[in-house]
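In: Sharing a sequence plus its predicted fold:
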Amino acid sequence: MLTEQVEIEDSVSDQLRILAAELRRHRKEKQLSLETLSALSGVSRSMISKVERGETVPSTGTLSRLAEALGTTFSQLMAHPVESEIIVIPADRQPILSDASSGYQRRCISPVLPGRGVDWVLNTLPPHGTSGEFVAHRRGVEEYIYVLKGRLEVRVGSRRVRLEARDALYFQAHETHQFTNLGTGECEYFLIINSSGLR
């Protein structure tokens, strides 16, 4: 049990280091100061600085705002880029972001490939949990959802859609959006974010 806890803590620590390095790399590639990224994203300068130093785990909403401001994807901030065309990502190497306050968990299951604009993630929401609000993406970004288990409410702008297990949904993601578990058990759903239309 102690060994498992140490391995989990090491995994979280590794993930924080990768996130810190990738956020800093993307910011510097865009030649943005902390102040400028703060203004673009609506995330405080001190929070960005703490994430870049690996001192805090940002909420999914915060990371979403940073990714959008940097013109990148959530997954590209969660993992170092790889070049190979055949990639196996073992379960223990898939980046996971857990939002401690909401219990929302986001597992990145697509590889981070330069020049590609697709994120594939497995999301888990606890009973009656919510993802929090995600900022609107730029026009051209699409999202696809497939519910594996549970009941999911998707809010896009002012519209709400309810999905059951095995239901699928597509939407253009240039409005704010949020995901809420309507059930008493966990809700798991695949989410694909396709930003290749921006290229």
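Out: Arrived safely, thanks for sending.
In: This structure: strands as residue ranges?
Out: Counting by DSSP state E, the chain has strands at residues 96-98, 105-108, 118-125, 142-149, 152-156, 159-163, 168-172, 177-181, 187-194.
In: Mean neighbour count and distance to residue 132 added to these, as a markdown table?
Out: Where you see a C-beta, it was placed from the backbone N, CA and C, and this is true even at glycine. Putting the strands of the chain into a markdown table (neighbours: other Cβ atoms under 10 Å; distance: least, Cβ to Cβ, whole Å) gives the following:
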| stretch | mean neighbour count | distance to residue 132 |
| --- | --- | --- |
| strand 96-98 | 18 | 12 |
| strand 105-108 | 20 | 11 |
| strand 118-125 | 20 | 11 |
| strand 142-149 | 17 | 16 |
| strand 152-156 | 20 | 11 |
| strand 159-163 | 13 | 16 |
| strand 168-172 | 14 | 18 |
| strand 177-181 | 20 | 7 |
| strand 187-194 | 20 | 14 |
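In: Among those strands, single out whichever gets nearest to residue 14.
Out: Residue 14 sits nearest to strand 96-98 of all the strands of the chain, at 10.9 Å, using Cβ to Cβ.
In: strands paired with that closest one, and their directions?
Out: Paired strands of strand 96-98, with direction, are strand 105-108 (antiparallel) (DSSP bridges).
In: May I have the strand it pairs with as CSV, with CA atoms only?
Out: C-alpha atoms of strand 105-108 as CSV (Å, rounded to 0.1, in the frame of the first residue of the first chain):
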residue,chain,number,x,y,z
GLN,A,105,-10.3,13.5,-13.9
ARG,A,106,-9.0,13.9,-17.4
ARG,A,107,-6.7,11.2,-18.9
CYS,A,108,-4.9,12.1,-22.2
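In: which residues are contacting that strand?
Out: Counting contacts by Cβ atoms under 8 Å, 6 or more residues apart in numbering, the residues outside strand 105-108 that touch it are 60, 74-75, 78-79, 94-99, 119-125.
In: mean confidence for that strand?
Out: The pLDDT scores in strand 105-108 average 87.
In: Stretch 26-46 now?
Out: pLDDT averaged over stretch 26-46 gives 92.
In: Geometric centre of this structure: which residue is closest?
Out: The residue lying closest to the centre of the chain (Cα atoms, centre = their mean) is residue 74, at 4.3 Å.
In: Let me see the contact set for that one.
Out: 63, 64, 67, 106, 108, 119, 121, 193.
In: Kindly state the pLDDT recorded for the residue nearest to the third one when sequence neighbours are not counted?
Out: So the one you mean is residue 67. Excluding the flanking residues, the one nearest residue 67 by Cβ to Cβ, 6 or more residues apart in numbering is residue 74, at 5.1 Å. On the pLDDT scale, residue 74 is placed at 73.
In: do you know how far residue 74 is from residue 135?
Out: Distance, residue 74 to residue 135, using Cβ to Cβ, to the nearest Å: 11 Å.
In: who touches both of these two?
Out: residue 64.
In: can you list contacts of stretch 36-43?
Out: 27, 32, 44-45, 48, 58, 62, 65-66, 68-70, 135.
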